[in-house]
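[1] structure, please.
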Amino acid sequence: MKRRNLISDINVVPYIDVMLVLLVIFMISAPLMVQGIQVNLPEATSEALPVKNNEPLIVSIKEDGALFLEADSTKNNALNLKDLNNAVTKIFEANPGLQVVIRGDGQVKYERVMTVMAELQRAGAQDIGLISQPIPVEK
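    Coordinates of the predicted model:
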């Protein structure tokens, strides 16, 4: 009786197919996963702020001046300046050195941005930055 030799090769074609399908799914879904309030960021050429160990606290300002704090307890709820101050103060009591960034719509009045920055400083923010959209490079 003749003995059959076992083939020890792994057929990797199905694994490559699965990997490519997953890649396409993630490429399509990644841009849709942008969290937070939809604002049209202004374009600017500037150096990125150094990011510290933890995620920064994000304050969004819509075109109409409505304020949103990107935290679990206040997400998607418009806040006034007093509510923003109270929420940020509580967050800074738990995490004092937290970095704060403002996502302001390009059409928001400068006065509104300055008022929000002053309120954040009153609440204890030491490190405040502004988020902008990079200017596309033309080729």
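[2] CA only for contacts and neighbour counts going forward, please
    Will do.
[3] quick one, what contacts F92?
    Going by Cα atoms under 8 Å, 6 or more residues apart in numbering, F92 touches L98, A123, G124, A125.
[4] now do the closest residue to the last one other than its chain neighbours, the pLDDT please.
    Ranked by Cα to Cα, 6 or more residues apart in numbering and with sequence neighbours excluded, the top spatial neighbour of A125 is V100, at 6.9 Å. pLDDT, V100: 89.
[5] helix/strand/coil for V100?
    Here V100 is recorded as strand under DSSP: H, G, I helix; E, B strand; the rest coil.
[6] from M19, how far off is F68?
    As defined by Cα to Cα, to the nearest Å, F68 lies at a distance of 38 Å from M19.
[7] looks like the residue nearest to A125 contacts A123 (just checking).
    No: V100 is beyond contact range of A123, at 11.2 Å (criterion: Cα atoms under 8 Å).
[8] count of neighbours near E119?
    Using other Cα atoms under 10 Å, E119 has 17 neighbouring residues.
[9] where exactly do the strands run in this protein?
    Counting by DSSP state E, the chain has strands at residues 43-44, 57-61, 67-69, 78-79, 99-104, 127-130, 133-134.
[10] off-centre distance for the longest helix along the chain?
    Across the chain, the longest stretch assigned as helix under DSSP state H is helix 13-29. Chain-centre distance of helix 13-29: 25 Å, with Cα atoms, centre = their mean, to the nearest Å.
[11] which residues are in contact with that helix?
    Outside helix 13-29, no residue touches it (Cα under 8 Å, 6+ apart).
[12] how about a cut-off of 10 Å?
    L32 (Cα atoms under 10 Å, 6 or more residues apart in numbering).
[13] looking at this protein, which helix or strand is least sure?
    None of the helices or strands of the chain scores lower by mean pLDDT, DSSP states H and E than strand 43-44, at a mean of 66.
[14] nice, that's everything, thank you.
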